[in-house]
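> Pasting the sequence and the predicted model now:
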Amino acid sequence: MDRTPLGIVLNGVTGRMGLRQHLIRSILAIRADGGLPLRDGRVLWPEPVLVGRSEAKLRAIADEHGLTDWTTDLEGALARPDVQVYFDAQVTSARVKALRTAIEAGKHIYTEKPVAESLSEAIDLARTADEAGIKHGVVQDKLYLPGLQKLLRLVRGGFFGRILSVRGEFGYWVFEGDWQAAQRPSWNYRAADGGGITLDMFPHWHYVLEQIFAPVRAVTARSVTHVDRRWDESGEPYAATADDAVYGLFELDGGIVAQINSSWAVRVNRDELVEFQVDGTEGSAVAGLHHCRIQPRAATPKPVWDPDVPTGQRFRDQWQQVPDNEVFVNGFRAQWEQFLRYVAEDAPYTGDLWAGARGVQVAELGLQSSNEGRRLEIPELPR
Ligand SMILES: NC(=O)c1ccc[n+]([C@@H]2O[C@H](COP(=O)([O-])OP(=O)(O)OC[C@H]3O[C@@H](n4cnc5c(N)ncnc54)[C@H](O)[C@@H]3O)[C@@H](O)[C@H]2O)c1
């Protein structure tokens, strides 16, 4: 088999996302399966160059996974001619500077979201990347969740008729860190370090709404900090200055109203950590990470409001599971494969830095809407 090596700098592999989703479940998983087959018969072989700030952590990760190529010198790694792609999974606040350096070095870039902390930086980055003529992509993993893939299948198959509304619930309790360790990094809860759930989740909701339903035209949001004191990784208390919940209303083309609650201060009373209910004239669906249940128009029961009599209907049992009908691979890996095909053989690709900038735009307008207490329209981005 003709193996074509492709050098990829992976920056931020000591972090949660960088290590688990991108290195282990994507790049190493592709290698474990023998590489990525291309249309012309070649096999693309990703060669990771691990980059980070801590020699000890990088060495430990490399040793554990049988890798030898790692460095704390980002610029040195980007100067290598055998490196063609730069990937960033660092904390959000470190992203723009590193992406710029990679663009200047002429590398294609693939990055975690949000692409920047502000819209102006995100636009500037997308323009700079276009001018440099490099290829760029942004992680849009939620689209590849099996539950949302099934939802997309229903939309494309016309199941819903006219789509009326979307109700999303995302969240779980993130421990404060005092009597039980927090399950998310502390920078997420400090505004000055790029934290905040609006900046974290609105970029996701934007591409989910835009790509499964319709363009998003207006946003109204309320961002709040419910838990204002937390304990960091070393057990020190700190003031949680970033928003940990956001209640958002999005208006889409076609009159679709999407309402999505995102919270790190909510206890789960759902089947999955995220669920979207979609109601249409011909049927409804509830999609989560893995599952998707439907209730078509013809099978819709007729509840009658009667506060005096406990209902005999078991509403949850009145829904039907949508079958998998295919094998779903890890969403991060699926997207890596698309991006690598885009780089290697110019395969079609849509989630670029402009899509990433639209996500940052909705987050920024959401925060502004919350601060000013008003609904904001979402203008087209100036290119
Ligand atoms: N796509 C998704 O579903 C998803 C989920 C969670 C996080 N993210 C994004 O991924 C990125 C990383 O998030 P994470 O949860 O893996 O964070 P993390 O704290 O676990 O990892 C952060 C990484 O950045 C590095 N880093 C570089 N400069 C740093 C600095 N000045 N301070 C602290 N760390 C620094 C760390 O060493 C580490 O490798 C964020 O931008 C976040 O928004 C995406």
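Alright, I've got the coordinates. Residues are numbered from 1 along each chain as shown.

> SS state for the residue of the chain positioned farthest from its centre?
Distance from the C-alpha centroid of the chain peaks at residue 308, with 45.0 Å (Cα atoms, centre = their mean). What DSSP: H, G, I helix; E, B strand; the rest coil gives for residue 308 is coil.

> what separates it from residue 272, distance-wise?
Distance, residue 308 to residue 272, using Cβ to Cβ, to the nearest Å: 34 Å. Just so you know, the C-beta spots here come from the backbone N, C-alpha and C atoms, and that holds for glycine as well.

> go on, residue 60?
In terms of Cβ to Cβ, residue 60 sits 33 Å off from residue 272.

> between the two, who's got more neighbours?
Neighbours were counted for residue 60 and for residue 272 using other Cβ atoms under 10 Å; residue 272 has more, 16 against 13.

> Just list whatever residues bridge to residue 171.
residue 263 (DSSP bridges).

> Correction: the previous question concerned residue 37.
residue 43.

> Just the element for the residue lying closest to residue 202 once chain neighbours are set aside, please.
Computed as Cβ to Cβ, 6 or more residues apart in numbering, the closest residue to residue 202 that is not its neighbour in sequence is residue 363, at 3.9 Å. Assessed by DSSP states H and E, residue 363 sits inside helix 353-372.

> Could you tell me how far that helix lies from the centre of the chain?
15 Å (Cα atoms, centre = their mean, to the nearest Å).

> does any bit of that helix sit next to the ligand?
No - using Cβ under 6 Å from any ligand atom, helix 353-372 stays clear of the ligand, coming no nearer than 10.8 Å.

> Counting by contacts, list what that helix packs against.
If contacts are counted by 3 or more Cβ pairs under 8 Å, 6 or more residues apart in numbering; DSSP states H and E, helix 353-372 sits against strand 108-111, helix 119-132, strand 136-138, helix 197-212, strand 216-224, strand 245-252, strand 376-377.

> Mean neighbour count, mean pLDDT and distance to the ligand for these - can I get that in CSV?
Below are the helices and strands packed on helix 353-372 laid out as CSV (neighbours: other Cβ atoms under 10 Å; pLDDT from 0 to 100; distance: least, Cβ to the nearest ligand atom, whole Å):
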stretch, mean neighbour count, mean pLDDT, distance to the ligand
strand 108-111, 26, 98, 8
helix 119-132, 18, 98, 13
strand 136-138, 27, 98, 9
helix 197-212, 24, 98, 5
strand 216-224, 20, 98, 16
strand 245-252, 21, 99, 14
strand 376-377, 12, 98, 23
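
> how about the ones you listed in TSV, adding distance to residue 334?
Formatted as TSV, those follow (distance: least, Cβ to Cβ, whole Å):
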stretch	distance to residue 334
strand 108-111	13
helix 119-132	23
strand 136-138	13
helix 197-212	14
strand 216-224	24
strand 245-252	25
strand 376-377	33
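
> can you tell me how far residue 134 sits from residue 100?
Where residue 100 is concerned, residue 134 sits at a distance of 12 Å (Cβ to Cβ).

> Compare the two and say which is more crowded by neighbours.
Using other Cβ under 10 Å, the more surrounded residue of residue 134 and residue 100 is residue 134, with 20 against 16.

> Closest residue of this protein to the ligand?
Closest residue of the chain to the ligand, Cβ to the nearest ligand atom: residue 15 (2.1 Å).

> Who are the packing partners of the strand or helix carrying residue 85?
Secondary-structure assignment from DSSP H and E places residue 85 in strand 83-88. Packed against strand 83-88 by the contact rule (3+ Cβ pairs under 8 Å, 6+ apart) you find strand 3-11, helix 95-104, strand 108-111, helix 331-345.

> which of the ones you listed is buried the deepest?
Greatest average neighbour count among the helices and strands packed on strand 83-88 goes to strand 108-111 (a mean of 26), per mean count of other Cβ atoms under 10 Å.

> partners of it in the sheet?
Here, using DSSP bridges, strand 108-111 pairs with strand 83-88 (parallel), strand 136-138 (parallel).

> and for it, what are the contacting residues?
84-89, 95, 99, 102-103, 129, 134-139, 336, 339, 343, 353, 356 (Cβ atoms under 8 Å, 6 or more residues apart in numbering).

> What residues of stretch 314-334 count as buried?
322, 331, 332, 333, 334 (16 or more other Cβ atoms under 10 Å).

> Residue 145 is in contact with the last one, correct?
No - applying Cβ atoms under 8 Å as the test, residue 334 and residue 145 come out as separate, 10.4 Å apart.

> thinking again about what came up before, now the helix holding residue 363: mean pLDDT?
Averaging the model's pLDDT scores along helix 353-372 yields 98.

> Buried residues of stretch 46-61, list them for me.
Buried residues in stretch 46-61 (16+ other Cβ under 10 Å): 46, 48, 49, 50, 51, 52, 57, 58, 61.

> Check the gap between the second one and residue 70 for me.
Relative to residue 70, residue 48 is positioned 9 Å away (criterion: Cβ to Cβ).

> Quick check: chain neighbours aside, which residue is closest to the residue of the chain closest to the ligand?
residue 89 is the one closest to residue 15 (Cβ to Cβ, 6+ apart), at 5.8 Å.

> follow-up on the earlier one: so which of the strands paired with strand 108-111 is nearest residue 151?
For residue 151, the closest of the strands paired with strand 108-111 is strand 136-138, at 21.0 Å, according to Cβ to Cβ.

> what does the closest one contact?
108-113, 115, 126, 129, 335, 338-339, 342, 349, 351-353, 355-356, 359.

> change it to 6 Å
The contact list for strand 136-138, computed with Cβ atoms under 6 Å, 6 or more residues apart in numbering, reads 109, 110, 111, 113, 115, 129, 339, 351, 352, 353, 356.
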